[in-house]
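*Asks:* fold the following for me, if possible:
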Amino acid sequence: MTKTASTFVCQSCGFQSPKWLGRCPSCSEWNSLIEEAAEETAAEFAFPPSEPVLYQDVKEAAKHKIQTGIAELNRVLGGGVVLGSLVLIGGEPGIGKSTLLLQVSRDFAAGGSRVLYVSGEESLEQIKLRGSRLGIGGGDLYLLAETNMERIIAQAEKLAPRILILDSVQTVHSSRLTSSPGSISQVREVANQVFRFAKKNQVSSFLVGHITKEGALAGPKTLEHMVDVVLYFEGERDHSHRVLRALKNRFGPVSELAVFEMGSRGLEAIANPSAFFLKERPIDAAGSVVVCTLKGSRPLLAEIQALVSATLYSGNPRRMSIGLDHFRTGMLLAVMEKKMGFGFGGEDIHLNVAGGLSIDEPAVDLGVVTAVVSCIKNRPIPTGMTVLGEVGLSGEIRSVSRPVARVKEAALLGFETVVLPKGNLEALAKEDLPGIELHGASHIQEALGFIF
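*Replies:* From the prediction side, this is the model:
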């Protein structure tokens, strides 16, 4: 190990500078450069030198997947945990990351897989207390409270587990570096050692990661590129449900979503999220409309609420949106003013996705417009109706992706009428959809004329 001169490393993006800078030139963060000793570590790569192989001669290797015991988590992972894969789970403190992984450890151990759960934040007694609440009994589950990465790897090689869980990557440090735990260089080195151990021994590994105040995963972007799967755990503290979504997955679809409910015995998977989010929807309430959005491969029904009221701030009306893209909702309101003659100059407009969901796809544009018009007219949307469609700047309604899956989800929940783009009617005409009425519209005026 050869020590060289110190360097200043940005703790937000990993940019390195030979001298201190007040502002990072890469990510523009202020006071983010920390002095770290620049060291050269001898990388002990366990992979033999490789030779180029002709494409036709490469054999496809079947990836063996282990079931976690939680069906919704298996869906997000793409059918289960792949042997030798590295999974990164991020989320706010107290959201349930450790609880979920302890439940996963319980299920793996009960299924005969040896599990090593390493905690750098809690003592063994604290983990045992949570485990008793989750109903963890026997099984091949081993606990280790350690923050030194070299000692963790040594214990893992001695135990030879099938599953390795590290909670969390920011609390563990490598003795090869002199920087403090949680720094850019330490996070990169710890993840690199886990990566090499997982690939060499075909051990499925989980890393728990903290998030920044902006809501992004803490640590360098190379950490996300290094792992195979990136999962993000989110949810409102005032709600009992938690949402787990896949931001990256080398073994399955991206943006898959699973919904859990936090109870006295841990996290319980919700098999039908659409019914869960609509169970408290008010009946015959103006400004409320049901839309169908896609989360990965899963269609999900959600409620959009709108409230339009006279502004108290003369000349400066408020535009508030929760769970929707603020800039897109502003664009839709401008389209309504220009193409439909509405005047919102003296009105405050509040938009909300009920249940704490976040929707970022344009297929719910027509739902936003319908909710606002329903509140202005004080006329509720007819019972049993859902709308979907992307709205353009000319007021036209554009086709949405996977209309069959969306309509079938609405029919499954008992909806009888779907207002959708005319461009999607051709694909739906080939499907057998008894008991549901489809109304196609090419412009928002045509759609709203039918709805009201």
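
*Asks:* so where's the stretch 51-200 of the chain shaky on pLDDT?
*Replies:* Across the stretch 51-200 of the chain, the ranges flagged by pLDDT under 70 are 61-62.

*Asks:* domain map for this structure?
*Replies:* Domain segmentation of the chain under automatic domain parsing yields 2-40, 65-271, 276-451.

*Asks:* turn those domains into TSV, columns for distance to P52 and mean neighbour count.
*Replies:* The way it works is simple: take the backbone N, C-alpha and C, and place the C-beta from them, glycine included. Output for the domains of the chain, formatted as TSV (distance: least, C-beta to C-beta, whole Å; neighbours: other C-beta atoms under 10 Å):
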stretch	distance to P52	mean neighbour count
domain 2-40	29	15
domain 65-271	20	19
domain 276-451	36	18
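
*Asks:* and S50, which of those domains is closest to it?
*Replies:* For the domains of the chain, proximity to S50 was assessed by C-beta to C-beta; domain 65-271 is nearest, at 13.2 Å.

*Asks:* endpoints of that closest one, how far apart?
*Replies:* End-to-end span of domain 65-271 (C-alpha to C-alpha, to the nearest Å): 21 Å.

*Asks:* thinking again about what came up before, turn the domains of the chain into a markdown table, including distance to K59.
*Replies:* A markdown table is the format used below for the domains of the chain (distance: least, C-beta to C-beta, whole Å):
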| stretch | distance to K59 |
| --- | --- |
| domain 2-40 | 37 |
| domain 65-271 | 17 |
| domain 276-451 | 28 |
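
*Asks:* of all those, which lies closest to L54?
*Replies:* Here domain 65-271 is closest among these (C-beta to C-beta), at 23.3 Å.

*Asks:* contacts only, for M262.
*Replies:* G96, T99, S240, H241, R242 (C-beta atoms under 8 Å, 6 or more residues apart in numbering).

*Asks:* looks like the first one contacts R242 (just checking).
*Replies:* Read that as G96. Yes. Assessed by C-beta atoms under 8 Å, G96 is found in contact with R242 at 5.4 Å.

*Asks:* ok so, going back, for the contacts of M262, which one is nearest G266?
*Replies:* Closest to G266, out of all of the contacts of M262 and judged by C-beta to C-beta, is T99, at 5.3 Å.

*Asks:* relative to E72, how far out is that closest one?
*Replies:* 15 Å (C-beta to C-beta, to the nearest Å).

*Asks:* what of E35?
*Replies:* 44 Å.

*Asks:* before we move on, back to that, make CSV from the contacts of M262 and add distance to E121 and secondary structure to it.
*Replies:* What follows is the contacts of M262, written out as CSV (distance: C-beta to C-beta, whole Å; DSSP: H, G, I helix; E, B strand; the rest coil):
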residue, distance to E121, secondary structure
G96, 14, coil
T99, 13, helix
S240, 24, coil
H241, 24, strand
R242, 19, strand
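
*Asks:* save the residues you listed as TSV, and put in distance to N272 too.
*Replies:* What follows is the contacts of M262, written out as TSV (distance: C-beta to C-beta, whole Å):
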residue	distance to N272
G96	20
T99	22
S240	16
H241	13
R242	16
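
*Asks:* so which of the residues you listed is the closest to L324?
*Replies:* Nearest to L324 among the contacts of M262, with distances taken as C-beta to C-beta, is H241, at 18.5 Å.

*Asks:* ok so, going back, joint contacts of G96 and R242?
*Replies:* With C-beta under 8 Å, 6+ apart as the test, G96 and R242 both reach F233, G235, F260, M262, L267.

*Asks:* now the two most distant members of those.
*Replies:* Greatest spacing in these, by C-beta to C-beta: F233 and M262 (11.2 Å).

*Asks:* what is in contact with the two at once?
*Replies:* Any residue near both F233 and M262 by C-beta under 8 Å, 6+ apart counts here, and that gives G96, R242.

*Asks:* tell me where the chain has helices.
*Replies:* All helices of the chain, identified by DSSP state H, fall at 71-77, 97-110, 124-133, 149-159, 184-201, 221-226, 273-278, 326-340, 365-377, 403-412, 425-429, 444-451.

*Asks:* point out the other helices and strands that the first one packs with.
*Replies:* Right, helix 71-77. For helix 71-77, the packing partners by 3 or more C-beta pairs under 8 Å, 6 or more residues apart in numbering; DSSP states H and E come out as strand 229-234, strand 241-249, strand 257-263, strand 266-269.

*Asks:* need the ones you listed in JSON lines with distance to R151 and mean pLDDT, can you?
*Replies:* Listed next are these as JSON lines, based on distance: least, C-beta to C-beta, whole Å; pLDDT from 0 to 100:
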{"stretch": "strand 229-234", "distance to R151": "26", "mean pLDDT": "89"}
{"stretch": "strand 241-249", "distance to R151": "30", "mean pLDDT": "88"}
{"stretch": "strand 257-263", "distance to R151": "33", "mean pLDDT": "87"}
{"stretch": "strand 266-269", "distance to R151": "29", "mean pLDDT": "89"}
